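>>> A structural model of the following input is requested.
(chains A and B)
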Amino acid sequence: MTIFNFTRRVAIAASAALMIAGPGYAGGHQVVESIHFLIPGGAGGGWDGTARGTGEALTGAGLVGSASYENMSGGGGGKAIGYLIENADSLHGTLMVNSTPIVIRSLTGVFPHNFRDLTLVSGTIGDYAALVVNADSNLSSMSDLISAYDADPSGTAIGGGSVPGGMDHLVAAMVMEAAGKDALNVKYIPYDAGGKAMAALLSGEIKALSTGFSEAVAMAQAGEVKILGVTSDARVDAFADAPTMKEQGIDTNFVNWRGFFAAPGLPDDKLAAYQDAIDKMYATPEWEAVRARNGWVNIHNPGDKFQTFLEGQEKVIGDLMKKLGFL
Amino acid sequence: MLEGLLIGLGAAFSFQNIIMVVLGCLTGTFIGMLPGLGPMSIIAIMIPIAITIGDPSAALILLAGVYYGAIFGGSTSSILLNAPGVAGTVATSFDGYPMARGGQAGKALTVAAIASFAGGTIGAVLLMIFAPALSTVALLFHSAEYFALMVVGLSAIAAFAGSGNVAKAVLMTLVGLMMATVGEGALFNMPRFTMGLMDLQSGFSFITLAMAMFALPEAIFLVMNPARSVQGSSKNDIKDLRITRKEASQIAPVIGRQSIQGFFIGVLPGAGATIASFLGYAVERNLAPEKEQKEFGKGSVKGLAAPETANNAACTGSFVPLLTLGIPGSGTTAILLGALIALNVTPGPRLMTDSPEIFWAVIVSMYIGNIVLLILNLPLIPYIARVLSIPRTYLIPFILFFTLMGSYIGQNNSTELLILVGFGVCATILKFADYPLAPLLIGFILGSMLEDNFSRSMQLYDGISFIFERPMTSGLITVAIILIVLPSVRARFF
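Below you'll find the model as predicted:
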């Protein structure tokens, strides 16, 4: 009931509306004629926003002639991945958006494929994770949270907007593990959406919340939560008041990346053109407008760098999930 | 507050914003009539347009208009075709469709329009007065209370059990609850009961199930039983909008009660229009005198007015956590929140002080939106109601088309059509055997929320002690027991 989709026709209508009302096109330096974005989830979600925002910037800046979008939900993204692989030969014009869950879900075997079965185009943006508490909470640093946890492990529940073994849980576990605690004993309470988890934090049902940094910043600016720690290596400019985990002696980092994949066996010249378009996109004012509007952080990882990054993340997450008993 | 209202009036009554309200309401109503496209999808379509407008008040007014329009339009397919497109209008079809079949389509649509208008308007008044104070109430509810609230919602099935066989209704509820467990729950990272099928991984879709349980068997029954097509009425009756004075006095107290009850349920993040409409139906049935009670499910104006008022009031109520806490309580408000952030408006406790013009413009636009909807819709009702006077040979394919389209459009997945037809055939057989199908759908809708909140509370309290330790939970469970027991006690002793 909560997941739904655009039909292709509606998606095209929506993108047409966008194009009609959108800014004029700067011509002359077009790199790719058209891109069809495949979105493995419903409209209004994170994947959807990333694909549509990227398409808007690429076409707005004239790097890509036209963009179309298709939502294909099912199997937690597995359906779209299967579709891309099965129809690889006819889908050279298609880019699929995905993010950290592709690593987690292929580890748990929710779908049979993993990122190695696809052509890696580029990681484009990311969002760090954060642990936050209620603004009037008596905890104000990670060490406070850890002493509260030591005093009463089962009374110090940490919530998140993902299933156990999902991203928010893994971040909480990763942080507690790096702080020298046994992640297995951390009481993680799952909610089916970030908003509901936030409501639970404000109502006092949970002591702390594991969430995306951009969401945390929005709530911190509204004066509703305190950010105990962010999983970046250095403080983030968007909200420099938030201390990192590292500066509090917790040696861990995590980024929830989003990026684009293409069908396996994509010709090299096509791949190079896509990567070139994305590379040039970062310098355009159109991208900057979209990025700022969504609070994204630029994390550009093209081709081989993307592969190295994904393999590293797969190892860290895999080890942790084994420890937690999910694998 | 008066000052704020004036700011809002000033903002909302600009030429641009009036155009936005009308445009939003029209778009919402017409797309909302199609089963399968609920408020969430319509708003998602409109967001790019709203963002290019740039002015946050105008954009939000447009989107709020679309939201109301969609809810308003959504009840039309429930009443005329027995095809509820969103969970919030399932209860509308319980009495709305029998009325339409009985030749009172025009009246049913009018009652729905008036109930929606009243629910939305009274909701807006309550929002204006209580929004700041209610943000704290929304936070009093923990998972334990949500669990108890779902139990109260399930007690609505007692309302159906009363008119038929209790055992059958309970059995169907259990089937619904079981169907809700299919797929990847919020609390488990592995798919359950999917038989390895990827299409079942996110569970059954609500729209497919609603079409299979309500619309499809109805179409099949129409084919098999020619006499059932619009019984004993001339074409003029269908278009007749008039409500008798007696009916007006019957629905007035219902509308009053349900506006308030619906609004407060809507304030709770996650509860929303669906629970509000089921509870509204159950409560009104229990309050009705015995003679009127028998009418429920067969075309009672009270049974139609209750859920229609409640779901509209609840939608208004859902703006409370969105505007005052920045917390989306439903899928639709989550999309609205996304739109707000894209427009550089951060909802939260500071919204009222930092940008009062936006806050008040939204509230004023709710009044205007509801009035515009009423003005737009009342004259159109005779034409819309004429759908039912289409000859059977055209009407049945028409219903089947919308049923299939509604189910496909929701998921963009052809497997949904197989699921739809499969369940549709099962549902038709069950209908023959006189099993009520509404409890199944209620069980399905409430099932996942019931399970999630129950297991969360179990984890938090290391057991089921929360039922006794939390006074509000015990209170709500008691209410549920009363709702279940009351009908049989009344039948025995009064």
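>>> Doesn't residue A:124 lie inside a strand?
Yes. Assessed by DSSP: H, G, I helix; E, B strand; the rest coil, residue A:124 belongs to a strand.
>>> Settle this for me: it is touching residue A:278, isn't it.
Yes. Using C-beta atoms under 8 Å, residue A:124 makes contact with residue A:278 at a distance of 6.3 Å. For every residue, glycine as well, the C-beta is placed using N, CA and C.
>>> Quick check: neighbours shared by these two?
Here residue A:124 and residue A:278 have A:54, A:260, A:300 as joint contacts, going by C-beta atoms under 8 Å, 6 or more residues apart in numbering or on different chains.
>>> What ranges does the stretch 101-250 of chain A have for its helices?
A:101-108, A:142-151, A:167-178, A:194-202, A:213-221 (DSSP state H, counting those that start in this stretch).
>>> Check which helices and strands the fourth one sits against.
Meaning helix A:194-202. strand A:119-134, strand A:158-160, strand A:208-212, helix A:213-221, strand A:225-230, helix B:319-325 (3 or more C-beta pairs under 8 Å, 6 or more residues apart in numbering or on different chains; DSSP states H and E).
>>> Surely residue B:39 and residue B:67 touch.
Yes. The criterion here is C-beta under 8 Å, and residue B:39 meets it with residue B:67 at 5.2 Å.
>>> Could you name every residue contacting both of these two?
Common neighbours of residue B:39 and residue B:67 (criterion: C-beta under 8 Å, 6+ apart): B:28, B:332.
>>> Could you point out which residue ranges in chain A have low pLDDT?
Scanning chain A with the threshold set as pLDDT under 70 gives A:1-28, A:42-45.
>>> what about 50?
For chain A, applying pLDDT under 50 flags the ranges A:1-27.
>>> Can you check which helix is longest in it?
helix A:303-324 (DSSP state H).
>>> quick check: angle from that one to helix A:101-108?
50 degrees (axes from the mean of the first three to the mean of the last three C-alpha atoms, to 10 degrees).
>>> From the contact counts, what lies against helix A:303-324?
Using 3+ C-beta pairs under 8 Å, 6+ apart as the contact test, the elements touching helix A:303-324 are helix A:101-108, strand A:119-134, helix A:167-178, strand A:255-262.
>>> just the shared contacts of residue A:124 and residue A:278 now: which is nearest residue B:419?
Ranked by distance to residue B:419 (C-beta to C-beta), the shared contacts of residue A:124 and residue A:278 are led by residue A:260 at 31.8 Å.
>>> Can I get stretch B:14-24 in CSV, CA atoms only?
Taking Å, rounded to 0.1, in the frame of the first residue of the first chain, the C-alpha atoms of stretch B:14-24 are listed here in CSV:
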residue,chain,number,x,y,z
SER,B,14,-4.4,37.0,-4.6
PHE,B,15,-5.5,36.3,-8.2
GLN,B,16,-2.7,33.8,-8.6
ASN,B,17,-3.6,31.8,-5.6
ILE,B,18,-7.3,31.6,-6.4
ILE,B,19,-6.3,30.2,-9.8
MET,B,20,-4.1,27.7,-8.0
VAL,B,21,-6.9,26.5,-5.7
VAL,B,22,-9.3,26.1,-8.6
LEU,B,23,-6.7,24.4,-10.8
GLY,B,24,-5.6,22.1,-8.0
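>>> Now tell me what touches it from outside.
Stretch B:14-24 is contacted by residues B:11-12, B:46, B:53, B:55, B:57-58, B:61-69, B:361, B:365, B:368-369, B:372, B:376 when judged by C-beta under 8 Å, 6+ apart.
>>> what residues does the stretch 1-150 of chain B put near chain A?
B:37-38, B:40-41, B:44-45, B:48-49, B:52, B:87, B:138-143 (C-beta under 8 Å from any C-beta of the partner chain).
>>> Return the members of those classed as buried.
Buried by 16 or more other C-beta atoms under 10 Å in any protein chain shown: B:37-38, B:40-41, B:44-45, B:48-49, B:87, B:138-139, B:141-143, out of the residues of the stretch 1-150 of chain B next to chain A.
>>> Check the residues you listed and tell me the two furthest apart.
The most distant members of these, if one measures by C-beta to C-beta, are B:49 and B:142, lying 38.7 Å apart.
>>> Now do the same contact list for the residue in chain B that chain A sits nearest to.
Using C-beta to the nearest C-beta, the closest approach of chain B to chain A is made by residue B:348 at 3.0 Å. Going by C-beta under 8 Å, 6+ apart, residue B:348 touches A:218, A:219, A:222, A:223, A:224, B:324, B:325, B:326.
>>> got it, and residue A:105?
A:76, A:77, A:78, A:111.
>>> list the buried ones in the host helix or strand of residue B:263?
Here residue B:263 sits within helix B:245-267, counting by DSSP states H and E. Going by neighbour count (16+ other C-beta under 10 Å), the buried part of helix B:245-267 is B:247, B:250-251, B:254-255, B:257-267.
>>> Kindly report the same for stretch B:370-384.
Result for stretch B:370-384 [16+ other C-beta under 10 Å]: buried residues B:370, B:372, B:373, B:374, B:376, B:377, B:381, B:382, B:384.
>>> Now the phi/psi pair for the fifth one, please.
What that stands for is residue B:376. Residue B:376 has phi and psi values of phi -70, psi -40 when expressed as degrees, to the nearest 10.
>>> Now do the same contact list for it.
Residue B:376 neighbours (C-beta under 8 Å, 6+ apart): B:22, B:25, B:26, B:29.
>>> residue in the stretch 101-250 of chain A nearest to chain B?
Nearest to chain B in the stretch 101-250 of chain A, going by C-beta to the nearest C-beta, is residue A:222, at a distance of 3.0 Å.
>>> Run a quick neighbour tally on that residue.
18 (other C-beta atoms under 10 Å in any protein chain shown).
>>> Run through the residues that contact residue A:239.
Counting by C-beta under 8 Å, 6+ apart, residue A:239 makes contact with A:213, A:217, A:220, A:221, A:227.
>>> By neighbours, which of those wins?
residue A:213 (27 neighbours).
>>> Residue A:237 versus that one, what's the distance?
Here the criterion is C-beta to C-beta, to the nearest Å. By it, residue A:213 lies 12 Å from residue A:237.
>>> cool, and residue B:134?
Counting by C-beta to C-beta - residue B:134 and residue A:237 are separated by 36 Å.
>>> quick one: which of those two has more around it?
For residue B:134 versus residue A:237, neighbours defined as other C-beta under 10 Å are more numerous around residue B:134 (21 against 7).
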